[in-house]
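**Student:** Provide a 3D model corresponding to the input given below.
(chains A, B, C and D, ligands or ions: 2)
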4 protein chains.
Amino acid sequence: RAVKINTAKLLIFTAIFYVLSAFIIHYLEPEEFPTPFIGFWWVMTTVTTIGYGDYAPRTVPGMLYGMFLYLFGIGLIGVILGKIVDAYSYFRRMKMRGKL
Amino acid sequence: RAVKINTAKLLIFTAIFYVLSAFIIHYLEPEEFPTPFIGFWWVMTTVTTIGYGDYAPRTVPGMLYGMFLYLFGIGLIGVILGKIVDAYSYFRRMKMRGKL
Amino acid sequence: RAVKINTAKLLIFTAIFYVLSAFIIHYLEPEEFPTPFIGFWWVMTTVTTIGYGDYAPRTVPGMLYGMFLYLFGIGLIGVILGKIVDAYSYFRRMKMRGKL
Amino acid sequence: RAVKINTAKLLIFTAIFYVLSAFIIHYLEPEEFPTPFIGFWWVMTTVTTIGYGDYAPRTVPGMLYGMFLYLFGIGLIGVILGKIVDAYSYFRRMKMRGKL
Ligand SMILES: [K+]
Ligand SMILES: [K+]
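**Tutor:** Residues are numbered from 1 along each chain as shown, chains lettered A, B, ... in the order given. Ligands and ions are numbered 1, 2, ... in the order given. Next up, the predicted model:
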C-alpha cells in the first residue's frame, strides 16, 4: 500500500511540475510562448523528448529553465517508468509463483 | 500461449490506433496534414519520439490530440518493449537452464 | 564465446545497414540529401531518435524508406542495448559471486 | 563504497565532456553557435535526444563531432541510467529482505 501512495504522490507532483513549467516559460518568454497552453505543449513535447522545435526558448533565462525542466522532467519519467517495470515484474512473479 | 495471443492483440490494437490517428489528424488539420499518409508519417515520427518538426499540429484541437497520441502511444511502445525484454530474458533463462 | 560472435555480427550488420541507408536516401531524394554523407548524418540523427529536422524526406518513397529505417533501426539499437545490459548484469553477477 | 566512487567519477567525466563539447562546437562552427552557452544548449538538447533543431551543425567537421558527441554521450547516459536502475533494484532487494 505504501508503494501505491508514493506512486500517486509522484504522479501528482509531476503533473503540478509540468503545469507550473508551462506558466513559468510563458512568463519568461511571452513572445515565443504567447499562451500557457502553448507553454504546456512545449513542456509535453520536451519531457517526452519528441522536441519538434516548433517552439523553443530563445533567451538565456528560458534556455536555463528549459535545461532544468528536461533534466528533472526526464528523470521523473525515468522513475515513473522504473516503478511501472517494477510493478509489472512484481505481478508477473506473483502470477508465476501462483501457477507453480 | 495466453501471452502470445495478448501480444498479438496488443500489436493489432496499436496498428489500428496509429492508422486511425493519421486520419484523425488529417481531419482536424487538413491544411497542415494534406493527406492521411502525411498524417501517418507525423504519427510514426511522433510515437518513436523522433519529432522532426516538418509537420506538427498548429491548433488547440490538433495539439490536444497530439498530446493524447504520444502519451498513449509511447506507453503502448513501452508495454511492447517490456514484453520483448520479458520474452528475451525468459528464453535466455530457459536456454541457460537447458545448458546446466 | 557464441554470444560474443553474435554481438559482433549484429554490430557489423547494423553498421552496413546504416551506411547502405545513407546511399539509398541520397539516391531516392538527391535534392534533399545532396551527398551520401548528408544521408548518413540524417540516418544517425534518426536512429538515435534525435531528429533535428534539418534534413527529412519530402517524397512518399523517401518517407516510406524513412519509416522502414527507423522502425528497423531503433529495434536494432534496442537489441544491442539489451545485449549490453545483459552482459553488464552478467559480469556484475559473476563479480558478486566471486566476492561471496 | 567502490561503486559510489566510480559513479561520482563517471558523473564528473560526463559533465566535463559536455562542457568541453560546448566549447569545441563553438570553435568548429562559430557562426551557428555564436557563444559557448548556445553550444551547451545544443549539447544538452542533443544528448537527451530532444533535438529541437533550432541549432545544428552545418559543416562536415561539425557533423562529425556531433555524431561523436551523441553516440558517446547517449552511451554515457545509458551507463548512468543502468547504474541508477542497478542501485534502485539493489536497495529494493535489501529492503524486501529486511522485511522478510
Ligand atoms: K526532434
Ligand atoms: K527527438
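
**Student:** OK, contacts around A:Ile80?
**Tutor:** Residues in contact with A:Ile80 (Cβ atoms under 8 Å, 6 or more residues apart in numbering or on different chains) are A:Thr7, A:Leu10, A:Leu11, A:Thr14. The C-beta positions use only the backbone N, C-alpha and C, and glycine is treated the same way.

**Student:** Is it in a helix, a strand, or coil?
**Tutor:** When classified by DSSP: H, G, I helix; E, B strand; the rest coil, A:Ile80 comes out as helix.

**Student:** Quick check: residues of chain A near chain D?
**Tutor:** Within reach of chain D by Cβ under 8 Å from any Cβ of the partner chain, chain A has these residues: A:46, A:49-53, A:56, A:58, A:60, A:63, A:66-67, A:70-71, A:74, A:78, A:82, A:86.

**Student:** tell me, which of these make contact with chain C?
**Tutor:** Applying Cβ under 8 Å from any Cβ, the subset of the residues of chain A next to chain D adjacent to chain C comprises A:Thr49, A:Gly51, A:Tyr52, A:Gly53.

**Student:** which of the contacts of A:Ile80 are buried?
**Tutor:** With neighbours counted by 16 or more other Cβ atoms under 10 Å in any protein chain shown, these contain buried members at A:Thr7, A:Thr14.

**Student:** least trustworthy position among the contacts of A:Ile80, going by pLDDT?
**Tutor:** Within these, A:Thr7 has the lowest pLDDT, namely 76.

**Student:** on that earlier part again, show me which of the ones next to chain C among the residues of chain A next to chain D is closest to chain C.
**Tutor:** The nearest member of these to chain C, counting by Cβ to the nearest Cβ, is A:Gly53 at 6.1 Å.

**Student:** Need the three-state assignment for the closest residue to the closest one other than its chain neighbours.
**Tutor:** Nearest residue to A:Gly53 in three dimensions, chain neighbours excluded: D:Tyr52, at 3.8 Å (Cβ to Cβ, 6 or more residues apart in numbering or on different chains). Look at D:Tyr52: counting by three-state DSSP, its state is coil.

**Student:** quick one: which two of the ones next to chain C among the residues of chain A next to chain D are the most distant?
**Tutor:** Using Cβ to Cβ, the two most remote members of those are A:Thr49 and A:Gly53, lying 12.3 Å apart.

**Student:** Compare the two (neighbour count), which wins?
**Tutor:** Set A:Thr49 next to A:Gly53 and count neighbours by other Cβ atoms under 10 Å in any protein chain shown: A:Gly53 wins out with 25 against 22.

**Student:** and that one, what does it touch?
**Tutor:** Shown in contact with A:Gly53 (Cβ under 8 Å, 6+ apart): B:Gly51, B:Gly53, C:Tyr52, C:Gly53, D:Gly51, D:Tyr52, D:Gly53, D:Asp54.

**Student:** in chain A, which residue is closest to the centre?
**Tutor:** A:Gly73 (4.3 Å; Cα atoms, centre = their mean).

**Student:** Do I have it right that that residue meets A:Leu20?
**Tutor:** No: A:Gly73 is beyond contact range of A:Leu20, at 11.3 Å (criterion: Cβ atoms under 8 Å).

**Student:** Between A:Thr49 and A:Gly53, which contacts overlap?
**Tutor:** Applying Cβ under 8 Å, 6+ apart, one finds that A:Thr49 and A:Gly53 are jointly contacted by B:Gly51.

**Student:** quick one on the thing from earlier: inside helices: which ones of the contacts of A:Ile80?
**Tutor:** Using DSSP state H, A:Thr7, A:Leu10, A:Leu11, A:Thr14 are the members of the contacts of A:Ile80 that sit in helices.

**Student:** Look up the closest residue to the third one, ignoring the ones flanking it.
**Tutor:** Closest residue to A:Leu11 in three dimensions, ignoring its sequence neighbours and counting by Cβ to Cβ, 6+ apart: A:Ile80, at 7.2 Å.

**Student:** which stretches of chain A have low pLDDT?
**Tutor:** By pLDDT under 70, the low-scoring segments of chain A are A:1-5, A:78, A:81-82, A:84-89, A:92, A:99-100.

**Student:** can you list the residues of it near chain C?
**Tutor:** A:Thr49, A:Gly51, A:Tyr52, A:Gly53.
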